[in-house]
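1. coords please:
(one chain, ligands or ions: 1)
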Amino acid sequence: MNKRGLLIVVSGPSGTGKGTVCQALLQKRPDIHLSVSATTRKPRPGETDGVNYYFLSEEKFKSMIEEKGFIEWACFCQNYYGTPRDKVEEQLAAGHDVILEIEVQGAMQVRSKFPEAVFVFVMAPSVEELERRLSGRGTEAPEVIKERLKTALWEYSNMEKYNYILLNDEVDGAVDRLISIIDAEKQRTERNADVIQEALKAKERIDLQ
Ligand code: 5GP
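-> The predicted structure follows:
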């Protein structure tokens, strides 16, 4: 039987580069799966339905909430975002590690439902740098940038609820540190009850007389 996969939650404010870090991680570790979220936000140029997000109408999103189709969901800057349940459950059960790249309210819901998950908070080198990155994207109107920055400061106040803080000063380094976190978590004693059991059974097989 496959051992259940590790659920890794990566959050942190919009503009910290967590999306870039996760994409770069997948390049280095194709064995790790990134969950595709659903959203009511309109696609940005270059975004594809089913790849970046499942772009849903508000009506469809709300009916999925009713049907308990999400592991978690949240309203972020006037749009809904949620993690579709089926795919994630399937991949974890098959022994694959899964990353959720989600904002803080959603991460806190995951924490209560999956306390064994690993929670990583990505931060930018400074708030000024965060503001510069958000403005530099050129995809959002100034009032949206302001709202995202305000939300970012609220998200920073939740940092302590995470297991790890990942400073994204430079993508390559941040990815390597994220890989170290994932690999170390998988070696934790409490995640290896089967290995311990096996070792104890071996003791019974050996005759020391
Ligand atoms: P964006 O509109 O920039 O793609 O995403 C806005 C925020 O929503 C980001 O912080 C992103 O991580 C978060 N987000 C993306 N998918 C989900 C999701 O499924 N659930 C929650 N709670 N947040 C999400």
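2. Would you mind listing what in the chain touches the ligand?
-> 14, 37, 41, 72, 74, 76, 81-83, 101-103, 105-106 (Cβ under 6 Å from any ligand atom). (Each C-beta comes from the backbone N, C-alpha and C, glycine too.)
3. List the buried residues for stretch 69-89?
-> Across stretch 69-89, burial judged by 16 or more other Cβ atoms under 10 Å covers 69-74, 76, 80-85, 88.
4. Same check on stretch 188-203?
-> Within stretch 188-203, judged by 16+ other Cβ under 10 Å, no residue is buried.
5. same check, this time on stretch 140-148
-> Applying 16+ other Cβ under 10 Å to stretch 140-148 flags 140, 145, 147, 148 as buried.
6. Which of the helices and strands in this structure ranks last by mean pLDDT?
-> Least confident element among the helices and strands of the chain, by mean pLDDT, DSSP states H and E: helix 127-136 (a mean of 84).
7. Which pLDDT does the model give residue 40?
-> With respect to pLDDT, residue 40 scores 98.
8. In contact with the closest residue in space to it that isn't next to it in sequence, which residues?
-> Excluding its sequence neighbours, the residue lying closest to residue 40 (Cβ to Cβ, 6 or more residues apart in numbering) is residue 80, at 4.5 Å. By Cβ atoms under 8 Å, 6 or more residues apart in numbering, the contact set of residue 80 is 38, 39, 40, 58, 61, 62, 73, 74.
9. Also residue 14?
-> Contacts of residue 14 (Cβ under 8 Å, 6+ apart): 103, 134, 148, 151, 152.
10. Next: residue 24.
-> Here residue 24 is in contact with 171, 172, 175 (Cβ under 8 Å, 6+ apart).
11. Is whichever residue of the chain sits closest to the ligand in a helix, a strand, or coil?
-> Closest residue of the chain to the ligand, Cβ to the nearest ligand atom: residue 106 (2.3 Å). Three-state assignment for residue 106 (DSSP: H, G, I helix; E, B strand; the rest coil): helix.
12. surely it meets residue 73?
-> Yes. Here residue 106 lies in contact with residue 73, judged by Cβ atoms under 8 Å, at a distance of 6.6 Å.
13. Now for those two: what residues contact both?
-> Contacts common to residue 106 and residue 73, judged by Cβ under 8 Å, 6+ apart, are 81, 82, 83.
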